[in-house]
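Task: produce atomic coordinates for the following.
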Amino acid sequence: MKSLPASLALAAAAVIQAMGLYTWNPDPMAVSGQVFFPILFGLMSIYLAWRTKDSDRFYVAHMIIMVVGILALVATLIGVVGSVLELYPSYIVYFVCLLVIVIETALRIAASPKKEKARRDGDDDAGTSAPKPKRRRKVAGAGPTNLVAKSKTQANEQPANETSYTASDRVSDHGSDDSRG
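This is a model prediction of the structure:
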């Protein structure tokens with residue numbers, strides 16, 4: 001969960017920048033995209049960090065990204081409070097935050113365990129790396145099944161031990177012809 005502060009800080013800085021940019025370019029479609037994608041990538045990196053809690057891959061990169069995220073949030077807040085136009089609203093700061101949060105998500109994806117390793121960790125006998133033989137699929141109609149179509153002459157010929165019910169037998173067994181209840 002080391003990426004939680006980084007993802008939150010980067011997403012917050014990008015959303016604050018997008019809202020500030022809306023006053024200069026009042027396009028609701030653009031601002032909705034500028035707000036949506038930092039939140040999307042932030043939630044993805046938080047989810048991936050939660051799924052791979054024990055992964056220490058790219059530890060230094062994640063710490064650098066966390067520092068960059070906190071610095072971007074502080075610079076954005078200084079720009080908001082101090083009315084520094086170089087820091088707020090700025091397309092450069094927005095796109096830097098978005099790029100860094102995309103890199104954070106990509107590092108989280110790269111740090112996730114591969115399928116082969118995950119499968120070996122789940123097996124009790126991790127020493128054997130030979131894959132299990134695949135089951136061969138049966139050809140349709142090769143085995144006993146009730147789904148095979150029969151001709152009408154075969155359907156009428158029933159063995160002596162099977163009982164055939166007719167519609168009148170069902171009415172007498174259940175008391176009514178309604179089968180729903």
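
What is the three-state secondary structure of the closest residue to Leu48 other than its chain neighbours?
Using C-beta to C-beta, 6 or more residues apart in numbering and skipping the chain neighbours, the partner closest in space to Leu48 is Arg108 (3.7 Å). C-beta: built from backbone N, CA, C; applies to glycine. When classified by DSSP: H, G, I helix; E, B strand; the rest coil, Arg108 comes out as helix.

Report the contact partners of Arg108.
3, 44-45, 48-49, 52 (C-beta atoms under 8 Å, 6 or more residues apart in numbering).

Kindly report the same for Ile39.
Neighbouring residues of Ile39 by C-beta under 8 Å, 6+ apart: 11, 15.

How about Val60?
Applying C-beta under 8 Å, 6+ apart, no residues contact Val60.

any idea how far it is from Met66?
From Val60 across to Met66, the span is 11 Å (C-beta to C-beta, to the nearest Å).

about what we covered before: ok, and the most crowded of the contacts of Arg108?
Neighbour counts for the contacts of Arg108, by other C-beta atoms under 10 Å, peak at Ser45, which reaches 28 neighbours.

how much space between that residue and Phe58?
For Ser45, the distance to Phe58 - C-beta to C-beta - is 12 Å.
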